[in-house]
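[1] A predicted structure for the sequence below; I have some questions about it.
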Amino acid sequence: MEIKFKDYIIHTKLPSSIEGGRKYIINTINPHSYCIAEEDQEFKKALASSDILIPDGVGIVLATRFMYGTKIHKISGYDLHMHFLNILNKEKGKVFYLGSTSNTLTKIQNRLQKEYPNIEFHSYSPPFKEVLDKEDNLEIRKLINEVKPNILFVGMTAPKQEKWVHQNKDFLDVEVICSIGAVFDFYSGNIKRPGKFWIDLGLEWFPRLIQEPRRLWKRTFVSSPKFLMHLLVSKFSASS
């Protein structure tokens with residue numbers, strides 16, 4: 001199902017298979033990324049042009065109900081990641097992880113080999129720069145295209161990862177590209193993902209804030225109020 005939310009089309013269902021012949025760009029949106037995109041038009045364009053944009057945040061779920069009276073369910077980046085790993089394992093496909101450190105990628109590989117032995121693993125840790133230059137991009141494209149993976153997972157944090165995919169997607173021989181950021185740290189075990197109790201309550205953000213206050217304080221105490229204010233203004237402007 002597709003739901004229009006402001007300038008975006010949000011999808012509430014993931015593909016049940018990897019369809020050949022067409023490239024899918026899958027991104028996630030939450031209140032923090034929404035607020036960043038309002039001030040970063042390149043990022044906004046990258047999100048809006050996604051083939052599939054999923055609601056990775058209870059804030060988007062609640063906002064959709066508040067704005068349009070439509071009930072949807074959250075699909076996290078972690079859910080997206082596990083969904084495609086299950087498909088790849090059944091199809092004996094190839095995956096490429098782009099991002100993070102070599103140590104984290106090794107942890108991902110070790111876990112993947114135990115849990116999904118039919119998947120062929122490839123990865124690359126790109127230089128840690130705010131913006132990758134032309135030579136970096138040419139090298140990354142070359143490495144990915146030599147593999148021709150079914151799925152490319154990009155974990156360079158938002159908005160860098162989404163903008164990179166948007167700029168390079170036409171040069172990549174890949175079937176599905178997913179920007180999943182923090183999932184690299186969750187799946188590798190670098191950071192413990194909040195348990196089902198918090199996820200079911202819609203409070204996954206709270207234990208994450210406790211674990212990473214320096215990185216996440218802004219999205220909680222700046223972006224969330226800004227997002228709420230934007231919704232209120234939009235809602236009551238439309239009804240007046």
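    That came in fine, so what should we check first? Numbers count the residues shown, from 1 in each chain.
[2] all contacts plus neighbour counts: C-alpha atoms, from now on.
    Noted.
[3] what's the spatially most central residue of the chain in contact with, if anything?
    The structure's the chain has its C-alpha centroid closest to residue 180; by CA atoms, centre = their mean the separation is 3.1 Å. Shown in contact with residue 180 (CA atoms under 8 Å, 6 or more residues apart in numbering): 27-28, 77-78, 81, 153-155, 157.
[4] Out of those, which two sit at the greatest distance?
    Using CA to CA, the pair of the contacts of residue 180 lying farthest apart is 81 and 157, separated by 15.0 Å.
[5] neighbours around residue 157, how many?
    Residue 157 has 16 neighbours, counted by other CA atoms under 10 Å.
[6] Can you give me the distance of it to residue 9?
    As judged by CA to CA, to the nearest Å, residue 157 and residue 9 stand 22 Å apart.
[7] Including secondary structure and pLDDT, could the contacts of residue 180 go into a markdown table?
    Formatted as a markdown table, these follow (DSSP: H, G, I helix; E, B strand; the rest coil; pLDDT from 0 to 100):
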| residue | secondary structure | pLDDT |
| --- | --- | --- |
| 27 | strand | 97 |
| 28 | strand | 96 |
| 77 | helix | 94 |
| 78 | helix | 95 |
| 81 | helix | 98 |
| 153 | strand | 98 |
| 154 | strand | 98 |
| 155 | strand | 96 |
| 157 | coil | 89 |
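[8] Which one of these is nearest to residue 196?
    Nearest to residue 196 among the contacts of residue 180: residue 78, at 12.7 Å, using CA to CA.
[9] Surely the closest one and residue 183 touch.
    Yes - under the criterion of CA atoms under 8 Å, residue 78 makes contact with residue 183 at 5.6 Å.
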